[in-house]
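Asker: 3D, please:
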Amino acid sequence: MSETGEAVVIGAGVVGAACALQLQRDGYQVRLIDRDPPGSGASSGNAGSISTGSVIPVALPGMLQQVPGWLLDPQGPLSVRWSYLPKALPWLIQWIRASKKERAEGYAAALAQLTLNAVEDWKFILEPEQRERLIHQKGQLLASRTQEAGATELFAQALREANGVATEVLDENELRQLEPNLSRDFRRGLYIPNSGHTTNPKALTEALVALFQAVGGQFTRAEVMEIEHSGGQASAVVTAGGRFPAERVVVATGAFSLELARPLGDQVPLDTERGYHAMLLKPELTLNRPTSDMDRKFFATSMEEGLRVAGTVEIAGTKAPPDYSRARRLLNQAKEMLPELETREHTFWLGYRPSLPDSLPVIDRSRSLGNVWYAFGHGHIGLTTAPATAQLISRMMQAPDGHLDDNAFRMDRF
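Answerer: Numbers count the residues shown, from 1 in each chain. Below you'll find the predicted structure:
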């Protein structure tokens, strides 16, 4: 046993892998458990953005008026499977409530704690070789076809400015100097220079696990069945392949976290924003940085294996079959964004973003068990915030009572 003690981290996505590595470095003897290879789930299919500008919650003032139009637009960024609506309704109601101006301002301030230093956090947790290969700092670009910003966009920019996000407003010529392949339909842009990206999100998670194992951490592939507990403490993590005694447990299983938290007596309004991407294998062009179509609300990023177009939100839970027509629409939208793009060779993907109505993750100790911590619900920003989440979990674990009084990510905020 290490001097600090033992810990089990459940979930080898980017958040769980970062937690395991941070805790191992901080003196714990850590076992990381997942039924799948590291980075196989939502961590593998995102747009690769490490976004210092991600202080904007999903729900903003005025957005409610836009939702009916989005739902009726086949090309729109949001859809709801009507069969899932009764189950999703409580989450959607809380999401609407979260869009109030004062609440959104508070959520943005909380998100800034995890995002403003995201690129530096990634450089800190990686070794030089992985840093050089996997982290690129060329900023992030948001492009719009409109001449003037609308009220929601102006509010989002005010949140960035209030929380110290550096931005540069670009005219049409400046936009094309950064990304010459963009359609001439785009009239202006917003550049976020301190953001970064990776060209291989899955390899980035794999790198965390490799570093974790190199400093003595153990990775076990097994399906976790339950967390055994008695007397207000977890005692073991039970898997399909065996039982692992546990002095401390971190649950970081993304959209599936409630399957472990609920039997322990912990409950939060976690649901999934199902996200699709289209990977263009021979795009015949590149982008210099992650670039967002602000009007259609998707990102395009040049990756090692091609150009990835990621976006759209589908509310349908984790059990409904994929609707790849949404990914197919991304192909059309990408062609409108990048007219010279070659789209014939492509693959589609679906992942489950673990999301809470206020856009903040849960990073906290269990309300029921004194030696269980949660790190889930990161929505669109898991890749951006994984190292900062890991640092916060380690601080909590070392705190005298296992939690921090000034924590904005408490699970009892609901």
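
Asker: hmm, Cys19 is touching Ile393, no?
Answerer: Yes - between Cys19 and Ile393 there is a contact at 5.1 Å, judged by C-beta atoms under 8 Å. (C-beta placed from N, C-alpha, C; glycine too.)

Asker: give me the below-cutoff pLDDT ranges for this protein.
Answerer: 1-3, 70-76 (pLDDT under 70).

Asker: show me the domain layout of it.
Answerer: 5-43+202-267+359-413, 55-116+135-196+270-355 (automatic domain parsing).

Asker: just to revisit the earlier point, which neighbours do Cys19 and Ile393 share?
Answerer: Residues touching both Cys19 and Ile393 by C-beta atoms under 8 Å, 6 or more residues apart in numbering: 250, 375.

Asker: who's more crowded, the two?
Answerer: Cys19 (33 against 28; other C-beta atoms under 10 Å).

Asker: which residue packs closest to the more buried one, ignoring adjacent ones?
Answerer: Take Cys19 and drop its neighbours on the chain: the residue closest to it by C-beta to C-beta, 6 or more residues apart in numbering is Ala390, 4.5 Å away.

Asker: which residues does that neighbour contact?
Answerer: Counting by C-beta under 8 Å, 6+ apart, the residues that Ala390 touches are 15, 18-19, 21-23, 125, 375.

Asker: quick check, nearest of the residues you listed to Asp295?
Answerer: Distance to Asp295, by C-beta to C-beta, is smallest for Val15 among the contacts of Ala390, at 30.4 Å.

Asker: burial check on that closest one, number of neighbours?
Answerer: Val15, neighbours per other C-beta under 10 Å, totals 33.

Asker: circling back to that earlier point, buried deepest among the domains of the chain, which one?
Answerer: domain 5-43+202-267+359-413 (a mean of 21; mean count of other C-beta atoms under 10 Å).

Asker: list the contacts of the one helix or strand Thr220 maps to.
Answerer: When elements are assigned from DSSP states H and E, Thr220 belongs to strand 218-221. If you take C-beta under 8 Å, 6+ apart as the criterion, strand 218-221 is touched by 12, 30-38, 209, 212-213, 239, 241, 244.

Asker: which members of these are the farthest-apart pair?
Answerer: Farthest pair in these, by C-beta to C-beta: Phe212 and Gly241, 19.7 Å.

Asker: picking up where we left off before, would you turn the contacts of Ala390 into a markdown table with secondary structure?
Answerer: Putting those into a markdown table (DSSP: H, G, I helix; E, B strand; the rest coil) gives the following:
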| residue | secondary structure |
| --- | --- |
| Val15 | helix |
| Ala18 | helix |
| Cys19 | helix |
| Leu21 | helix |
| Gln22 | helix |
| Leu23 | helix |
| Ile125 | helix |
| Ala375 | strand |
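
Asker: what's the farthest-apart pair in the residues you listed?
Answerer: Ile125 and Ala375 (14.5 Å).

Asker: what ranges do the helices span in the stretch 151-300 of the chain?
Answerer: Using DSSP state H, counting those that start in this stretch, the helices of the stretch 151-300 of the chain run over residues 151-162, 172-178, 201-214, 258-261.

Asker: for these, give me TSV that also has distance to Gly275.
Answerer: Below are the helices of the stretch 151-300 of the chain laid out as TSV (distance: least, C-beta to C-beta, whole Å):
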stretch	distance to Gly275
helix 151-162	20
helix 172-178	25
helix 201-214	12
helix 258-261	19
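
Asker: for the residue nearest to Cys19, give me phi and psi.
Answerer: Main-chain dihedrals, Ala390, degrees, to the nearest 10: phi -60, psi -40.

Asker: where's it relative to Leu126, distance?
Answerer: 12 Å (C-beta to C-beta, to the nearest Å).

Asker: cool, and Tyr352?
Answerer: Distance of Tyr352 to Leu126, given as C-beta to C-beta: 26 Å.

Asker: now do His229
Answerer: From His229 to Leu126 the distance is 35 Å (C-beta to C-beta).

Asker: likewise Thr291?
Answerer: Taking C-beta to C-beta, one finds Thr291 at 24 Å from Leu126.

Asker: do the same with Leu338
Answerer: Taken as C-beta to C-beta, the span from Leu338 to Leu126 is 30 Å.

Asker: try Met337
Answerer: 31 Å.

Asker: how about Val237?
Answerer: With C-beta to C-beta as the criterion, Val237 and Leu126 are 27 Å apart.

Asker: from Asp293, how far off is the closest residue to Asp295 other than its chain neighbours?
Answerer: Closest residue to Asp295 apart from its sequence neighbours, by C-beta to C-beta, 6+ apart: Arg145 at 5.5 Å. Arg145 sits 8 Å away from Asp293, going by C-beta to C-beta.
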